[in-house]
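Asker: Got a sequence here, can you model it:
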Amino acid sequence: MADFVGAVDQGTTSTRFMVFDHDGAEVGRHQLEHEQVMPQAGWVEHNPLEIWERTQTVIGSALSNLDLQPSDLSALGITNQRETTVVWNKRTGRPLHNAIVWQDTRTDRIARQLDQDGRGDVIRERAGIPPAAYFSAGKVQWILDHVDGARAAAERGDALFGTIDTWLLWNLTGGTDGGVHVTDVTNASRTMLMDLRTLDWDDELLGFFGIPRQMLPTIRPSSDPAFYGTTRTGGPLGGEVPLAGDLGDQQAATVGQVCFAPGEGKNTYGTGNFMILNTGEEIVRSESGLLTTLCYQLGDAKPVYALEGSIAVTGSAVQWLRDQLGIISGAADIERLAKQVDDTGGLYFVPAFSGLFAPYWRPDARGAIVGMSRFNTNAHLARATLEAICYQTRDVSDAMTKDSGVELEVLKVDGGVTANDLCMQLQSDILGVPVSRPVVAETTALGAAYAAGLATGFWSDTDELRANWQESKRWSPTWSDRQRSDGYAGWRKAVERTLDWVDVDEG
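Answerer: Okay, the predicted model is just below:
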């Protein structure tokens, strides 16, 4: 058997390819950023062809740097930014429009109309999620309604829809020459089009958005012993590497954190924050602004469900300080700057750049910096940015406890921001529980590798994966209860100041 498993981690700002050994340890990686296309306020797009080109490059570079051949890989897994929507011509392989990113808010009006006429309740019941611009179906409808020839192409069977995993799987398996058009249950559960119980596309939901069923990929398990397909000769991996694992990025991180039992959960810190709680084979409906979603499905086993809290802007708020304000030169500089002060000096930053996601779901919100005085400096703003990441996580954690009845005891964390020791200490202080980071912090790619390796027998079962997990560092609370409660009360007041800022009936 080959000695390694590879994973493509296609994220919102970059694409990486990582190689793991049998112990779940990283052997090597290569990573490239891609352009963020913002045609107007609230619109966020990516070029799918650029993402495919970057994917090929990072795979080839990583293997070359490690002096590995494709035959050294037992399997390939894919994980991806979820909800981001691509529609392309299956005959030419050309996208009909740029990919519309999960952060994009142009479909707010579509989502509001669904709620106004009662169809939103059907979506909540069938798909487990509320009508929102966040999810894929409205983005598909927008492309069909606004791109010349798109609807006609869809109706005659020439246009295909997929989230980024589907786009990459189709290209890796041959593209216009026999490419496989598939997705997995986790990505499908983020479209507003899949019935959580049947794990199939729902014709009534498709009708709400005017989406022809033939556009949609086949839904498969997240770890598939039958494989989705194999890589094709001439691609970055040559021929016949099994493509056997596919998970949306947050579900992949849940698998990478080995949260296989009901009540186990994790929080991933990336462009946004995403907290997931495994609820087992039971569908738990949220009454507190969370999403009910698929956690994973391993082979022929029953699907496992989850509650999720999605936060739109966390790590990207740090990028904003770097790119728009220029007060830091790199993301790593924020910790040094924030440490120059002991607190925020009463300043709060709510980065609601595209509205607020869970648990508020307020598209009318916009970012606000409040509590400022002449005393405040860029160091206070840097520290407030880190606190904003942590307070938004507290919002979701409290909602999760309310829905599940399970009190958080330890928060497992992963993602790039977890390298920031100050932010993780603040997270422990604001939550009042320990925060635990694993040795492999990039658990998104690891989870995709695990799914693929389970399918090919590289790993025998989930117990073997649990044995791989090791803690790298733990932070414990240092704030007093009074400090914690006062700080959170101030945060809630700051959030209130962001609401009703945009008239969502415009545009």
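Asker: Is A41 in a helix, a strand, or coil?
Answerer: Under the three-state scheme (DSSP: H, G, I helix; E, B strand; the rest coil), A41 adopts coil.
Asker: For Q324, see how far away it is.
Answerer: Distance of A41 to Q324, computed by C-beta to C-beta, to the nearest Å: 13 Å. For glycine as for every other residue, the C-beta is placed from the backbone atoms N, C-alpha and C.
Asker: Neighbour count for the two, which is higher?
Answerer: A41 (11 against 8; other C-beta atoms under 10 Å).
Asker: For stretch 406-426, what is the distance to the chain centroid?
Answerer: 17 Å (C-alpha atoms, centre = their mean, to the nearest Å).
Asker: From one end of stretch 91-103 to the other, what's the distance?
Answerer: This stretch, stretch 91-103, spans 29 Å end to end (C-alpha to C-alpha, to the nearest Å).
Asker: now do stretch 101-117
Answerer: For stretch 101-117, the first-to-last residue distance is 26 Å (C-alpha to C-alpha).
Asker: Which positions within that stretch qualify as buried?
Answerer: Of all the residues in stretch 101-117, those buried under the rule 16 or more other C-beta atoms under 10 Å are 101-112, 114.
Asker: Adding pLDDT and secondary structure, write those out as TSV.
Answerer: Below are the buried residues of stretch 101-117 laid out as TSV (pLDDT from 0 to 100; DSSP: H, G, I helix; E, B strand; the rest coil):
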residue	pLDDT	secondary structure
V101	96	coil
W102	91	coil
Q103	87	coil
D104	92	coil
T105	89	coil
R106	92	coil
T107	94	coil
D108	90	helix
R109	91	helix
I110	93	helix
A111	92	helix
R112	89	helix
L114	94	helix
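Asker: Out of these, flag the one nearest to L337.
Answerer: Nearest to L337 among those: Q103, at 25.4 Å, using C-beta to C-beta.
Asker: how near is that closest one to V313?
Answerer: For Q103, the distance to V313 equals 8 Å [C-beta to C-beta].
Asker: who touches both of those two?
Answerer: Residues touching both Q103 and V313 (C-beta atoms under 8 Å, 6 or more residues apart in numbering): 271-272, 354.
Asker: out of those, which are buried?
Answerer: 271-272, 354.
Asker: which of the residues you listed lies closest to L76?
Answerer: Proximity of those to L76 (C-beta to C-beta) peaks at T271, which lies at 23.8 Å.
Asker: how about the closest one, what does it touch?
Answerer: Contacts of T271 by C-beta under 8 Å, 6+ apart are 11-13, 103, 313-316.
Asker: So it, which state does it fall into?
Answerer: coil.
Asker: buried ones in the helix or strand containing A7?
Answerer: Taking DSSP states H and E as the criterion, A7 maps to strand 4-10. Across strand 4-10, burial judged by 16+ other C-beta under 10 Å covers 4-10.
Asker: ok so, going back, now, among the buried ones among the shared contacts of Q103 and V313, which is nearest to R336?
Answerer: Nearest to R336 among these, with distances taken as C-beta to C-beta, is T271, at 21.8 Å.
Asker: The closest residue to D9 other than its chain neighbours: how many residues sit nearby?
Answerer: Closest residue in space to D9, ignoring its immediate chain neighbours: A445 at 4.1 Å, by C-beta to C-beta, 6 or more residues apart in numbering. Using other C-beta under 10 Å, A445 has 28 other residues around it.
Asker: now S480
Answerer: Neighbour tally, S480, other C-beta under 10 Å: 11.
Asker: Can you tell me how far it is from L386?
Answerer: 19 Å.
Asker: Repeat that for E155.
Answerer: Plainly put, E155 is 49 Å away from L386 if you go by C-beta to C-beta.
Asker: between those two, who's got more neighbours?
Answerer: The neighbour count for E155 versus L386, taken as other C-beta under 10 Å, is higher for L386 (26 against 14).
Asker: Would you indicate which residues of stretch 59-79 are buried?
Answerer: Quick answer for stretch 59-79 (16+ other C-beta under 10 Å): 59-63, 68, 70, 72-79.
Asker: Ok, stretch 258-270 next?
Answerer: Of the residues in stretch 258-270, 258-260, 262, 264-270 count as buried by neighbour count, 16+ other C-beta under 10 Å.
Asker: just stretch 429-438 next, same as before
Answerer: Buried-residue list, stretch 429-438, by 16+ other C-beta under 10 Å: 429-433, 435-438.
Asker: would you turn these into CSV with distance to L307?
Answerer: Below are those laid out as CSV (distance: C-beta to C-beta, whole Å):
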residue, distance to L307
D429, 24
I430, 20
L431, 17
G432, 20
V433, 18
V435, 20
S436, 20
R437, 22
P438, 21
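Asker: Take those and write them to CSV, including pLDDT, secondary structure and distance to D403.
Answerer: Putting those into CSV (pLDDT from 0 to 100; DSSP: H, G, I helix; E, B strand; the rest coil; distance: C-beta to C-beta, whole Å) gives the following:
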residue, pLDDT, secondary structure, distance to D403
D429, 98, helix, 24
I430, 97, helix, 20
L431, 95, helix, 17
G432, 95, coil, 19
V433, 92, coil, 18
V435, 94, strand, 21
S436, 93, strand, 22
R437, 93, strand, 25
P438, 92, strand, 26
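Asker: Give me the below-cutoff pLDDT ranges for the stretch 1-150 of the chain.
Answerer: Applying pLDDT under 70 to the stretch 1-150 of the chain flags the ranges 1.
Asker: Please, where are all the strands along the stretch 51-200 of the chain?
Answerer: All strands of the stretch 51-200 of the chain, identified by DSSP state E, counting those that start in this stretch, fall at 73-80, 85-89, 99-100, 159-163, 182-184, 194-195, 200-201.
Asker: Can you tell me which helices and strands the fifth one packs against?
Answerer: Applying 3 or more C-beta pairs under 8 Å, 6 or more residues apart in numbering; DSSP states H and E, we find strand 182-184 packed against helix 164-172, strand 218-220, strand 242-248.
Asker: hmm, 10 Å instead?
Answerer: strand 73-80, strand 159-163, helix 164-172, strand 218-220, strand 242-248 (3 or more C-beta pairs under 10 Å, 6 or more residues apart in numbering; DSSP states H and E).
Asker: Pairing partners for it, with directions?
Answerer: Its sheet considered, strand 182-184 pairs with strand 218-220 (parallel) by DSSP bridges.
Asker: Look at L337 and give its secondary structure.
Answerer: Going by three-state DSSP: L337 is helix.
Asker: That one: what's it in contact with?
Answerer: 321, 327-328, 377-383, 385-386 (C-beta atoms under 10 Å, 6 or more residues apart in numbering).
Asker: Now for the residues you listed: which two are most distant?
Answerer: Greatest spacing in the contacts of L337, by C-beta to C-beta: T377 and L386 (14.8 Å).
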